[in-house]
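Asker: here's my sequence, what's the structure:
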Amino acid sequence: MLKLRLQTKFLLSMLLISAGLTCTSLLLVRRSVHKQVKKEILSDLQNSVSTFQNFQRERELNLSRSAELLADLPTLRALMTTQHEATIQDASAEQWRLAGSDLFVLADRAARVVALHTASRGFTREMAQAAVNNSLTREAASYWWQGAQHLYEVCLKPIYFGPATDNRMLGFLAVGYEIDDRVAAQVSRIAASQVAFYFGQTIMRSTLTPAQETELARHSVPRSNPGISEPEEMQLGDESFLSTSVELAGQETPSVRLSVLKSYDQATAFLDRLNRLLLALGLAAVVGGSLLVFLISHTFTRPLGSLVNGVRALEQGDFTYALDVHGSDEVAEVTGAFKRMRNSLLKTQQDLLDAERLATIGRMASSISHDLRHSLAAIVANAEFLCESRLSADQREELYGEVRIAVNQMTDLIDSLLEFSRTRESLRPSYGSVRDSIEHVVQAIRSHPEFHNVQLAISEQGNSTGWFDPKRLERALYNLLLNACEAVVSNAGSILVELREIRDGAEIRVSDNGHGIPDSIRGKLFEPFVSQGKENGTGLGLTVVQKIVQDHGGDIAVEKSSPEGTVFRLKLPLTSASEVSPDNRAGGRPGAPPLVRTKGAQSE
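Answerer: Next up is the predicted model:
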């Protein structure tokens, strides 16, 4: 699991809180502004359509008045009385210019078109004739004529000879304005939106781009009531619109419809700028807040960091790590309490060390004094016996042997004590064979009369030559084998020393069939002065073994111990010639070949 520092937690918390608040603010502002913008767009659409309807009524009124004035002109009446189509077509051009309209049509009393004038080409007499016939079938203030991609709003008036009450009709006059690009642009400016004029389902004119107009043509818009339709959202290419429509031809068929489209993206473009501004402010707030939190947290975490370093130093045994205690806050109180606790622990530890040192000295003095006194008593007693003149040569030899044994015991005890004062640098390695050292130790053990019946065997696998200190290794092996011999039954004892080559050294196993190590001392077997079941044991044998092996860089452990026997495993690194300095090669034989042994061979 990832461990985070307290200061990092402060910074991450600030970043998460700031980022969360910023994102929440952006979402709330965006949603609120979107809602308000949509409401304003809908209101603008309603106002735009209402404005156009007012404009359309004024336009229809002007068109109707213009048609009435033209129909009452005497010159036009006189022209219609000629009943000559070519004359009427030519002479009516002046009347058309006077009207200033985009469409000027004259029809006789039989509704046959006799004159046609248009501001743009494409609208033919046949189209005009069909539109006149269709318009005369219904009553309306204005009519919508369509043909050749032209859409006209037309006012149709009868032409009378004399008063209209006399009902002497000469024909009909149709005056109209075309819904062209100029009119569409004018309506777009009035509505402040994009516009599209439909005739049925066909778009006649629009202010949209060609791509948007093509996309709009794919949307089938159902015919609405004469009033304003409900607004709807529409996607044209990459731009979103809100659209509403109004019927211009009433209930006539096909319908004439104006659609007003308000760009939703343009209306909300400022929202993107607002979002970027809020995002920049949010990032600035996060960065500024992080710096502020860093400075504030550093004020709090710096004393905590110092306290943590002090705890780590105490864990490593350093009681002198400097601690700064400033202020009177909780951290300063904890630091001061820790400092006092550390001083108390140091004092307690020193007291324990002093007590342990005194206890160790006492145990050592007691053990040494007992062993030395026992050996000295034997030397004194045997020396007194040697003073008697009645002793035979055999008796004197026996007493001398007892004195020598006592002296050897004292020498071994002193050597064991001296071994603790030696360091690893005191090793004097030489090139040799571990097998030779083992055999020397086995011969020394066999010199003890009480161990003559114990079977000692050596097994070797691989090469066991290298640089080591033979004398100290032999002393360690002697203590180990001596303990094994003392642990087995004298007349049925069996001890096997297995020597095996391992990587960078050798492994030695000492197995016996003794009674095993007692549970009471198994956990502290290598501690000084630990002994059980030996009359003259000092408790230093295995401690010396462990120290010598560790000085060589090796290790010793109890591999197995049970009532059927015990196995000690000893790993001994064998230093190569290149790794040993010339000063430490006393008595060495770098060029000496290793002893040739048969694998698995045993000697007793």
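Asker: make it CA atoms for all contacts and neighbour counts henceforth
Answerer: Fine.
Asker: ok, then the element right after the helix or strand of the chain with the lowest mean pLDDT?
Answerer: The least trusted helix or strand in the chain, going by mean pLDDT, DSSP states H and E, turns out to be helix 264-267, with a mean of 68. Going down the chain from helix 264-267, the next helix or strand is helix 269-315, by DSSP states H and E.
Asker: any idea which helix or strand comes after that following helix?
Answerer: Using DSSP H and E, the helix or strand that follows helix 269-315 in sequence is helix 330-386.
Asker: C-terminal to that following helix, what's the next element?
Answerer: Following helix 330-386 in sequence order, the next helix or strand is helix 393-419 (DSSP H and E).
Asker: now the angle from that next one to helix 330-386?
Answerer: Computed by axes from the mean of the first three to the mean of the last three CA atoms, to 10 degrees, the angle separating helix 393-419 from helix 330-386 equals 170 degrees.
Asker: what is helix 393-419 packed up against?
Answerer: Contacts defined by 3 or more CA pairs under 8 Å, 6 or more residues apart in numbering; DSSP states H and E place helix 393-419 against helix 330-386, helix 541-551.
Asker: all strands of the stretch 51-200 of the chain, in order?
Answerer: Taking DSSP state E, counting those that start in this stretch, the strands of the stretch 51-200 of the chain run over residues 103-108, 113-118, 143-147, 150-160, 169-178, 194-199.
Asker: please produce JSON lines containing those strands, extended by distance to R59 and mean neighbour count.
Answerer: Output for these, formatted as JSON lines (distance: least, CA to CA, whole Å; neighbours: other CA atoms under 10 Å):
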{"stretch": "strand 103-108", "distance to R59": "15", "mean neighbour count": "24"}
{"stretch": "strand 113-118", "distance to R59": "19", "mean neighbour count": "21"}
{"stretch": "strand 143-147", "distance to R59": "13", "mean neighbour count": "20"}
{"stretch": "strand 150-160", "distance to R59": "10", "mean neighbour count": "22"}
{"stretch": "strand 169-178", "distance to R59": "9", "mean neighbour count": "24"}
{"stretch": "strand 194-199", "distance to R59": "16", "mean neighbour count": "23"}
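Asker: now those in JSON lines, with mean pLDDT?
Answerer: Output for the strands of the stretch 51-200 of the chain, formatted as JSON lines (pLDDT from 0 to 100):
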{"stretch": "strand 103-108", "mean pLDDT": "90"}
{"stretch": "strand 113-118", "mean pLDDT": "89"}
{"stretch": "strand 143-147", "mean pLDDT": "86"}
{"stretch": "strand 150-160", "mean pLDDT": "88"}
{"stretch": "strand 169-178", "mean pLDDT": "88"}
{"stretch": "strand 194-199", "mean pLDDT": "85"}
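Asker: turn these into TSV, including distance to V454.
Answerer: Shown next, in TSV, are those (distance: least, CA to CA, whole Å):
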stretch	distance to V454
strand 103-108	141
strand 113-118	141
strand 143-147	132
strand 150-160	131
strand 169-178	134
strand 194-199	117
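Asker: closest one to L70 among those?
Answerer: Taking CA to CA, strand 169-178 is the member of the strands of the stretch 51-200 of the chain nearest to L70, at 8.1 Å.
Asker: what packs against the closest one?
Answerer: Here strand 169-178 touches helix 6-71, helix 74-80, strand 103-108, strand 150-160, going by 3+ CA pairs under 8 Å, 6+ apart.
Asker: please redo it, this time with the cut-off set to 6 Å
Answerer: If contacts are counted by 3 or more CA pairs under 6 Å, 6 or more residues apart in numbering; DSSP states H and E, strand 169-178 sits against strand 103-108, strand 150-160.
Asker: distance from the chain centre to the shortest one, please.
Answerer: In terms of CA atoms, centre = their mean, to the nearest Å, the gap separating the centre of strand 103-108 from the centre of its chain is 81 Å.
Asker: all further residue positions should be reported with the first residue as 17.
Answerer: New numbering, starting at 17: the last item is strand 119-124.
Asker: quick one on the thing from earlier: to T91, which of the strands of the stretch 67-216 of the chain lies closest?
Answerer: Across the strands of the stretch 67-216 of the chain, T91 has its closest neighbour in strand 166-176 (11.6 Å, CA to CA).
Asker: what helices or strands is the closest one leaning on?
Answerer: Strand 166-176 is packed against strand 159-163, strand 185-194, with contacts defined by 3+ CA pairs under 6 Å, 6+ apart.
Asker: list of residues touching stretch 536-543?
Answerer: Contacting residues not belonging to stretch 536-543 are listed as 558-559 [CA atoms under 6 Å, 6 or more residues apart in numbering].
Asker: in it, which residues are buried?
Answerer: Judged by neighbour count using 16 or more other CA atoms under 10 Å, the buried positions of stretch 536-543 are 541-543.
Asker: how about the CA coordinates for that stretch, as CSV?
Answerer: What follows is stretch 536-543, C-alpha atoms only, in CSV (Å, rounded to 0.1, in the frame of the first residue of the first chain):
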residue,chain,number,x,y,z
SER,A,536,15.7,-25.4,28.3
ILE,A,537,18.9,-24.3,26.6
ARG,A,538,18.1,-24.8,22.9
GLY,A,539,17.2,-21.2,22.3
LYS,A,540,20.3,-19.8,24.0
LEU,A,541,22.8,-22.5,23.0
PHE,A,542,25.5,-20.1,21.7
GLU,A,543,25.3,-17.7,24.6
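Asker: any chance of the buried residues of stretch 536-543 in TSV, with distance to V457, pLDDT and secondary structure too?
Answerer: Listed next are the buried residues of stretch 536-543 as TSV, based on distance: CA to CA, whole Å; pLDDT from 0 to 100; DSSP: H, G, I helix; E, B strand; the rest coil:
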residue	distance to V457	pLDDT	secondary structure
L541	22	80	coil
F542	21	80	coil
E543	24	78	coil
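Asker: ok, back up a step: reformat the helices and strands packed on strand 166-176 into a markdown table and put distance to V309 next to each item.
Answerer: Converted to a markdown table, those look like this (distance: least, CA to CA, whole Å):
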| stretch | distance to V309 |
| --- | --- |
| strand 159-163 | 73 |
| strand 185-194 | 70 |
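Asker: redo the helices and strands packed on strand 185-194 as CSV? Include distance to E400.
Answerer: Listed next are these as CSV, based on distance: least, CA to CA, whole Å:
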stretch, distance to E400
strand 119-124, 163
strand 166-176, 154
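Asker: out of these, flag the one nearest R420.
Answerer: Across the helices and strands packed on strand 185-194, R420 has its closest neighbour in strand 166-176 (142.7 Å, CA to CA).
Asker: first vs last residue of stretch 564-576, how far apart are they?
Answerer: The straight-line separation of the ends of stretch 564-576 (CA to CA, to the nearest Å) is 21 Å.
Asker: what are the buried residues along that stretch?
Answerer: By neighbour count on 16+ other CA under 10 Å, the buried set for stretch 564-576 is 564-568, 570-572.
Asker: coming back round to it: nearest to A329, of the helices and strands packed on helix 409-435?
Answerer: A329 lies closest to helix 346-402 among those, at 10.8 Å (CA to CA).
Asker: show me what that closest one is packed up against.
Answerer: Contacts defined by 3+ CA pairs under 6 Å, 6+ apart place helix 346-402 against helix 409-435.
Asker: span of stretch 185-201 from start to end?
Answerer: This stretch, stretch 185-201, spans 39 Å end to end (CA to CA).
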